[in-house]
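*Asks:* Can you look at this prediction? I've put the sequence above it.
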Amino acid sequence: MPDLLKNVLNNPVISQITDLLDQGSFLVGGSLRDLQKGLVPADIDLVVFSNVWRTAQRIARSFGASAFWMDDARGMARIAPKGSSIKIDCAAPRGLTIDEDLSKRDITINAMAFDLGKQTLVDPLGGMRDLEEGRIRIISENSLVDDPLRILRCMRFALRFGFFIDRKSQGLLRSAGPLISEVSGERIRQEIIGALMLPDGADIFSLMDSYGLLTILFPDYVEMDQGRHHKWGLIEHVIRCAREVEGVLARSEQWLPGVGGYFAEQTEKGVSRGALLKLAAFVHDIGKPSSRSVDDKGDIHFYGHEKTGAVIAGSIMQKLRFAQASRRVVTGVTGQHMRVLGLCGQGSMMTTCSMYRLIRDTQGYLPEVLCLSLADVYATGTGVDQVERAVSKIWRYYTETFCAQARDPLVSGRDLIDCLGMEPGPKLGRCLKMVEEKRAQGLLHSRADALAFIRQQETDPS
């Protein structure tokens, strides 16, 4: 308690608003939990038994900001101080007392309150002890029924803090699992990505599998034998692949020198490329069940599963309400994930033209394809050395040759229009691509070579 009191009183946002609050104002939820753990809370959550709107306006004025209703019907107002990422939420109690309000929350570590007037902890459900012992404990089955998204939230909190889920709560999660289908795709996306943004967040797929959520949210996946080239069944393989991505990301400079902070970039708000790559690693083989065939020798094949998987992955991404940029990465990586393995078949004979085509076809997500190729082979257990060599060679060609040539193409569309009289349109674009592909083969070296080549194609397309 002394540490909690100190952490609360030393928080600059809380210290600024404490004197503005009426009696019966409580710091609650995640903000209190984080303060107890010595973390700086991202948001400040308040329950006030006085007038919510008047309290919110009073707080807003102290920050030179404005208050607005987040949920008028539920009595929830928000203040977003200028120049700060912290948000302050003021909410009416869900019950006649603070204890009743806390009893309607999801897990005990989120069901504590701090009376800012009396400077005392309110902990009717033993949340502090659970926090100290690293336990996730669901308050009641009704909390999952009232909002089934809490099933995923429990798993995310377990991963975020490295906590264990107690035995009774495990049973409640399994029983309530089918209810997750009632939750909107957008809210499910937020929880899954929230987990995948964590360093060890890929374990969310293993937890989902343990509690029966995996095949509900990703019904195209079924556990199945993958044949003699795989050590593990399909679902075990893709879960392992997502985990392997985390190791590859941690060592990405080893394979992709100069990649820097690429995987920390966001394709949309709150969605990093690294998190998307973990998701792509999980869904990359989702086309296998519908592509499975067995030949006369009894060998299992999955011909074209990457193309089928890209279509399924696109549908999943749309259902989960990802932005177009995020959908393009995951569907693209899924559709192209066999390309590096295909190039490995060329061995030391891998050509610059084949590398050029791969890079050209994966513009916007080449690092993801290369990293997934590594994770995929690690999760398969065979062909590791070949793929590692191929990834290094492709990346070296990309950084040392492809990028330089892309900045300085042999000819431009204007050249073809002015010198050869071509019309703007798809044909012109195809000609430019042909020129750069021939350049990658070492057949064209100058502007004159390129113009002569296109002129010859125009007169003798054969």
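*Replies:* Yep, that arrived. Residues are numbered from 1 along each chain as shown.
*Asks:* just the helices in the stretch 301-450 of the chain please.
*Replies:* With helices called from DSSP state H, counting those that start in this stretch, the stretch 301-450 of the chain shows them at 305-319, 324-336, 339-344, 352-361, 366-380, 384-397, 403-407, 413-420, 426-440, 447-459.
*Asks:* Looking at these, spot the one closest to Ser85.
*Replies:* With C-beta to C-beta as the measure, helix 324-336 is the member of these nearest Ser85 (21.8 Å). C-betas here are computed from N, CA, C, even on glycine.
*Asks:* So which elements touch that closest one?
*Replies:* Other helices and strands packing on helix 324-336, by 3 or more C-beta pairs under 8 Å, 6 or more residues apart in numbering; DSSP states H and E, are strand 266-268, helix 273-283, helix 305-319, helix 366-380.
*Asks:* ranking the ones you listed by burial, who's on top?
*Replies:* helix 273-283 (a mean of 27; mean count of other C-beta atoms under 10 Å).
*Asks:* Show me what it packs onto, helices and strands only.
*Replies:* In terms of contacts (3+ C-beta pairs under 8 Å, 6+ apart), helix 273-283 is packed against helix 185-196, helix 234-250, strand 266-268, helix 305-319, helix 324-336, helix 366-380.
*Asks:* could you point out where the protein is predicted with low confidence?
*Replies:* Applying pLDDT under 70 to the chain picks out residues 1-2, 346-349, 460-462.
*Asks:* Check the offset of stretch 127-141 from the chain's centre.
*Replies:* Distance of stretch 127-141 from its chain centroid, counting by C-alpha atoms, centre = their mean, to the nearest Å, is 27 Å.
*Asks:* Then stretch 22-33?
*Replies:* The chain centre lies 31 Å from the centre of stretch 22-33; the measure is C-alpha atoms, centre = their mean.
*Asks:* Can you list the buried residues in it?
*Replies:* Neighbour counts using 16 or more other C-beta atoms under 10 Å place 24-33 of stretch 22-33 among the buried residues.
*Asks:* measure Leu358 to Met338 for me?
*Replies:* In this structure, Leu358 and Met338 are 11 Å apart, going by C-beta to C-beta, to the nearest Å.
*Asks:* The two: who's more crowded?
*Replies:* The residue with more neighbours, out of Leu358 and Met338 and counting by other C-beta atoms under 10 Å, is Leu358; that gives 23 against 19.
*Asks:* got a list of what the spatially closest residue to that one that is not a sequence neighbour touches?
*Replies:* Using C-beta to C-beta, 6 or more residues apart in numbering and skipping the chain neighbours, the partner closest in space to Leu358 is Arg339 (5.2 Å). By C-beta atoms under 8 Å, 6 or more residues apart in numbering, the contact set of Arg339 is 358, 361-362, 369.
*Asks:* what do you get for Tyr356?
*Replies:* Per C-beta under 8 Å, 6+ apart, neighbours of Tyr356: 397, 402, 436-437, 440.
*Asks:* Phe49 is in contact with Thr55, isn't it?
*Replies:* No. With contact defined as C-beta atoms under 8 Å, Phe49 does not reach Thr55; the gap is 9.9 Å.
*Asks:* Overlap in contacts, these two.
*Replies:* Jointly contacting Phe49 and Thr55 under the rule C-beta under 8 Å, 6+ apart are 22, 25.
*Asks:* neighbour-wise, which of the two wins?
*Replies:* Neighbours were counted for Phe49 and for Thr55 using other C-beta under 10 Å; Thr55 has more, 22 against 17.
*Asks:* The more buried one and Gln457, how far apart?
*Replies:* 74 Å.
*Asks:* among the helices of the stretch 301-450 of the chain, which is nearest Asp101?
*Replies:* Taking C-beta to C-beta, helix 305-319 is the member of the helices of the stretch 301-450 of the chain nearest to Asp101, at 33.9 Å.
*Asks:* Check the offset of the closest one from the chain's centre.
*Replies:* The answer for helix 305-319 is 16 Å, by C-alpha atoms, centre = their mean.
*Asks:* Packing partners of it?
*Replies:* Helices and strands touching helix 305-319, as assessed by 3+ C-beta pairs under 8 Å, 6+ apart, comprise helix 273-283, helix 288-291, helix 324-336.
*Asks:* So which of those helices is nearest Lys231?
*Replies:* helix 288-291 (15.5 Å).
*Asks:* Show me which positions of that closest one end up buried.
*Replies:* Going by neighbour count (16+ other C-beta under 10 Å), the buried part of helix 288-291 is 288-289, 291.
*Asks:* Closest to Val311 out of the residues you listed?
*Replies:* Closest to Val311 out of these is Ser291 (11.2 Å), distances taken as C-beta to C-beta.
*Asks:* Quick check: nearest residue in space to the closest one, chain neighbours excluded?
*Replies:* His305 (3.9 Å).
*Asks:* thought that neighbour was touching Val283?
*Replies:* No. Counting by C-beta under 8 Å, His305 sits too far from Val283 to count as a contact (11.7 Å).
*Asks:* and Leu217, which of the helices and strands packed on helix 324-336 is closest to it?
*Replies:* Leu217 lies closest, by C-beta to C-beta, to one member of these: helix 305-319, at 8.5 Å.
*Asks:* Now tell me what touches the closest one from outside.
*Replies:* Counting by C-beta under 8 Å, 6+ apart, 185, 218, 220, 280, 283-288, 290-291, 326-327, 330-332, 334-338 sit against helix 305-319.
*Asks:* cool, stretch 206-219 as well?
*Replies:* 151-152, 155, 158-159, 170, 173-174, 177-178, 180-181, 188, 205, 221-222, 235, 239, 243, 282-283, 286, 316.
*Asks:* Could you tell me which residues within it count as buried?
*Replies:* For stretch 206-219, by 16+ other C-beta under 10 Å, it's 206-209, 211-214, 217-218.
*Asks:* mind listing which of those are in strands?
*Replies:* Using DSSP state E, no member of the buried residues of stretch 206-219 sits in strands.
*Asks:* Among those, pick out the one closest to Leu39, please.
*Replies:* Leu207 (22.5 Å).
*Asks:* Contacts for stretch 412-430, please.
*Replies:* 431-432, 447, 450-451, 454-455, 458.
*Asks:* likewise stretch 232-246?
*Replies:* In contact with stretch 232-246 (C-beta under 8 Å, 6+ apart) are residues 199-203, 205-206, 209, 214, 221-226, 230, 277-279, 281-286, 288-289, 371-372, 374-376, 378-380.
*Asks:* Next, the buried residues of it.
*Replies:* For stretch 232-246, the buried set under the neighbour-count rule, 16+ other C-beta under 10 Å, comprises 232, 234-246.
*Asks:* try stretch 334-343
*Replies:* Buried positions in stretch 334-343, judged by neighbour count with 16+ other C-beta under 10 Å: 334-341, 343.
*Asks:* CA atoms only for it, dumped as CSV, please.
*Replies:* C-alpha atoms of stretch 334-343 as CSV (Å, rounded to 0.1, in the frame of the first residue of the first chain):
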residue,chain,number,x,y,z
THR,A,334,0.4,-15.4,-47.9
GLY,A,335,0.2,-15.5,-51.7
GLN,A,336,4.0,-15.2,-52.2
HIS,A,337,5.3,-17.2,-49.2
MET,A,338,6.5,-20.1,-51.4
ARG,A,339,8.6,-18.0,-53.7
VAL,A,340,11.9,-18.1,-51.7
LEU,A,341,11.6,-21.8,-51.3
GLY,A,342,11.1,-22.1,-55.1
LEU,A,343,14.3,-20.0,-55.7
